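Chemist: Predicted model follows, preceded by the sequence.
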Amino acid sequence: MNPILEVNKLSKSFGTSTVLHNISFTVHAGEIISVLGPSGCGKSTLLQLIAGLQQPEAGEIRLRGEIAASAERFVPPEKRRINMVFQDYALWPHMSIYENIAYGLRRQKIASSVIKERISKLLELLRLHGLENRLPAQLSGGQQQRVAIARALATEPDLLLLDEPLSNLDMRLRIEMRAEMAFLFRQLGTTVFHVTHDPDEAFAMADRLMIMRAGAIDQIDTPQVCYSRPATLSAAMLLGAGN
Ligand code: ADP
Ligand code: MG
């Protein structure tokens, strides 16, 4: 079976500054990969390239074996079967929780009975039952983030991209949510590419860690191996610097 995502020799610059240099890695079905690296090392740029929100300069991105981005070919974001959750959830403030989740499904022309069933299951899984008629402002930060995750999962993406998904939450909620998300994604078999600058969050979620520094990959390994045998001094310092 083809991997869900293959990135080969990917590079990206903005003007004269090179943000990603010659990045290569593979993500298999059902894996949770956490990308860990300091602010400014290129994590969000890498996610945007995978999502199709930016175009690479060199190298290629393959999804399920097919080229999604290369010098010759560019598949637009809506054709990539990927969904993304950002740091600031971006829920529509004037729509109920139910409508926030249903909106993207209606655009995919999914039958309303299927939509109803899917949303009901997700509300249950994410402990949001009974809140479906509320507006986002009537929910707590943690509940709003769970709605954003439910909305992304509802489209049944092949790959879920998470960019610093918990950084707007307080410490107690972050600890609770990272365990909850890891459990949920494993239960559903979701393939997840998760970006964070928080080593504790990466350790709590990841099957494999990808440690980045200044636009390059230092190490890709299980959290245990990265911790006990860091490949570089900066990887060791990053992992040792957990809060
Ligand atoms: P991270 O998510 O790891 O904090 P980013 O991918 O956001 O890092 O940014 C990496 C570098 O690329 C930073 O120096 C940032 O200023 C620069 N950068 C990101 N997006 C753009 C853009 N659209 N135009 C110009 N520079 C950008
Ligand atoms: Mg970022």
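Modeler: Cool, got the structure. Numbers count the residues shown, from 1 in each chain. Ligands and ions are numbered 1, 2, ... in the order given.

Chemist: Next, count neighbours for Leu239.
Modeler: 20 (other Cβ atoms under 10 Å). Heads up, the C-betas are built off the backbone N, CA and C, glycines and all.

Chemist: Helix or strand for it, just tell me which one.
Modeler: helix 233-240 (DSSP states H and E).

Chemist: What of Lys116?
Modeler: helix 112-125.

Chemist: other SSEs contacting the next helix or strand after that helix?
Modeler: Per DSSP H and E, the first helix or strand lying C-terminal to helix 112-125 is helix 141-154. Using 3 or more Cβ pairs under 8 Å, 6 or more residues apart in numbering; DSSP states H and E, the elements in contact with helix 141-154 are strand 82-85, helix 97-107, helix 112-125, helix 171-188.

Chemist: So which bits of stretch 86-93 are buried?
Modeler: By 16 or more other Cβ atoms under 10 Å, the buried positions in stretch 86-93 come out as 86-87, 89, 91.

Chemist: Dump these to a markdown table, plus secondary structure.
Modeler: What follows is those, written out as a markdown table (DSSP: H, G, I helix; E, B strand; the rest coil):
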| residue | secondary structure |
| --- | --- |
| Phe86 | coil |
| Gln87 | coil |
| Tyr89 | coil |
| Leu91 | coil |
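
Chemist: These: which two are farthest apart?
Modeler: Gln87 and Leu91 (12.8 Å; Cβ to Cβ).

Chemist: Tell me the buried residues in the helix holding Lys116?
Modeler: Buried residues in helix 112-125 (16+ other Cβ under 10 Å): 115, 118-119, 122-123, 125.

Chemist: and the residues you listed as a markdown table, adding distance to Phe183?
Modeler: A markdown table is the format used below for the buried residues of helix 112-125 (distance: Cβ to Cβ, whole Å):
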| residue | distance to Phe183 |
| --- | --- |
| Ile115 | 25 |
| Arg118 | 20 |
| Ile119 | 20 |
| Leu122 | 15 |
| Leu123 | 17 |
| Leu125 | 10 |
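
Chemist: List just the nearest of those to ligand 1.
Modeler: Leu122 (27.7 Å; Cβ to the nearest ligand atom).

Chemist: ok, the closest one - contacts?
Modeler: Leu122 makes contact with 101, 128, 150, 153-154, according to Cβ atoms under 8 Å, 6 or more residues apart in numbering.
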